[in-house]
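Peer 1: pasting the sequence and the predicted coordinates here, then a few questions.
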Amino acid sequence: MKTAIISSEASEQHLTGDGHPEQPKRILSIKNKLKTRKDLIWQEPENVPNEILEITHSNEYIKNIKKSFPLDGLKFLDGDTVISPGSKKAVYDAAGSVIRAINGIEKGEFKNAFCAVRPPGHHAEKNKAMGFCVINQAGIALNYLVNKFKYKKVACVDFDVHWGNGNYDVMRNNKNALYISTHQYPFYPGGGTDKDKGNFNNSLNIPLPAGTNSEQYFNAFNRVLDRLSNYKPDFLLFSAGFDAHKDDPLAQFELNSKDFYEITKRTLKATSKYTNGKVVSILEGGYDLNALAESTNEHVNALIEFN
């Protein structure tokens, strides 16, 4: 069985304005890299069930978001989260990408999937858009897995360089979730210390200093693998941000592109006997276009190997 790439042309129509780092070229750089491969299945997003949206975010927030998309120009949801007329389909396709990924895995159409969509989601809280994020894709995936397919132990590994405050907010009160994050600290958005354990002791945060290199990162990452081995997840999610790369303009980690292969491979090795290889990965950050394309390709290499 193959690895699927779930993507949508709408991701390219989500405009954020000149000079904004979360730009359409991010998706184009990934597509241009992956489209040359013959070992991938390309799929389109599905619709997100309303009940899953309303479990993940508050009713009021969903109503406000639906009304917020401008008819022309740009609109700021917060200081750096920008939407345009084309953003509406992009936002809902990003959320719908995980629905398609999960359905395809459950039907045996493919083994695992990477959702190459934008805007990202891991900063979007139950009641708030922030950090370029509008709807929390990882939270949508978690709630769909638990409510539709009755999974009991869903692990989300977030290797974006920023702490996923939205993932934490959406998952902390779900006894069927384990949220794990490695991230630069202190750094945007704040939080993400070892005190943020979740309501069911279901979160592990590993804050690391600016300048963290590959060796230091993987020494710390052993804690992720130990926690996953103890947890024994029956489904794995990645919040796959590639902004821990040394070339990324928004952060100060020193990882290289091949490290994202290792992160993925080691995580899958620790979990595949419990998950039976069922994995959905969701694009989060990564703002140097060359580093993003290379790192994503390395991530996908590891997903393919574990088919």
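Peer 2: Nice, thanks for sending it over. Residues are numbered from 1 along each chain as shown.
Peer 1: report the contact partners of Thr56.
Peer 2: 126, 135-136, 139-140, 142-143, 170 (Cβ atoms under 8 Å, 6 or more residues apart in numbering). Quick note: C-beta positions are derived from backbone N, CA and C, even for glycine.
Peer 1: switch the cut-off to 10 Å
Peer 2: By Cβ atoms under 10 Å, 6 or more residues apart in numbering, Thr56 lies in contact with 48, 62, 95, 121, 124, 126, 135-144, 166, 170-171.
Peer 1: nearest residue to the middle of this protein?
Peer 2: Ser239 (2.7 Å; Cα atoms, centre = their mean).
Peer 1: right, and that residue touches Asp160 too?
Peer 2: Yes - at 5.8 Å, Ser239 counts as touching Asp160 under the criterion of Cβ atoms under 10 Å.
Peer 1: where do the contact lists of these two overlap?
Peer 2: Listed contacts common to Ser239 and Asp160 are 120, 122, 167, 181, 283-285; contacts here mean Cβ under 10 Å, 6+ apart.
Peer 1: does Ala94 belong to a helix or a strand, and which?
Peer 2: Element membership for Ala94, per DSSP states H and E: helix 87-106.
Peer 1: just list what that helix packs against, helices and strands only.
Peer 2: Using 3 or more Cβ pairs under 10 Å, 6 or more residues apart in numbering; DSSP states H and E as the contact criterion, the elements in contact with helix 87-106 are strand 3-7, strand 40-43, helix 50-56, helix 59-68, strand 112-116, helix 137-148, strand 235-240, strand 279-283.
Peer 1: ok, then the element right after the longest strand seen in the chain?
Peer 2: If you go by DSSP state E, the chain has its longest strand at strand 177-184. Downstream of strand 177-184, the next assigned helix or strand under DSSP H and E is strand 203-208.
Peer 1: what's Glu44 sitting at in phi/psi?
Peer 2: Main-chain torsions, Glu44, degrees, to the nearest 10: phi -100, psi 150.
Peer 1: just give the nearest non-adjacent residue to it, would you?
Peer 2: Ser8 (6.2 Å; Cβ to Cβ, 6 or more residues apart in numbering).
Peer 1: what about that neighbour, distance to Lys67?
Peer 2: 22 Å (Cβ to Cβ, to the nearest Å).
Peer 1: of those two, who's got more company?
Peer 2: Ser8 (24 against 7; other Cβ atoms under 10 Å).
Peer 1: correct me if wrong: the more buried one contacts Gly86.
Peer 2: No - counting by Cβ under 10 Å, Ser8 does not reach Gly86; the two are 11.1 Å apart.
Peer 1: can you pull the residues that touch both of these two?
Peer 2: Common neighbours of Ser8 and Gly86 (Cβ under 10 Å, 6+ apart) are His14.
Peer 1: coming back round to it: which one of the shared contacts of Ser239 and Asp160 is nearest to Asp248?
Peer 2: Checking the shared contacts of Ser239 and Asp160 against Asp248 with Cβ to Cβ, the nearest one is Gly285 at 7.9 Å.
Peer 1: contact partners for the closest one?
Peer 2: Gly285 touches 21-22, 26, 120, 122-123, 131-133, 159-162, 164, 239-245, 248, 250-251, 292, counting by Cβ under 10 Å, 6+ apart.
Peer 1: so which of those residues are in strands?
Peer 2: Using DSSP E, the contacts of Gly285 in strands are 239-240.
Peer 1: among the contacts of Gly285, name the ones in helices.
Peer 2: Of the positions in these, 26, 292 sit in helices, assigned by DSSP state H.
Peer 1: in ChimeraX, select just the buried ones from the contacts of Gly285.
Peer 2: To isolate the buried ones among the contacts of Gly285 in ChimeraX, judged by 16 or more other Cβ atoms under 10 Å, type:
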select :21,22,26,120,122,123,131,132,133,159,160,161,162,164,239,240,241,242,243,244,245,248,250,251,292
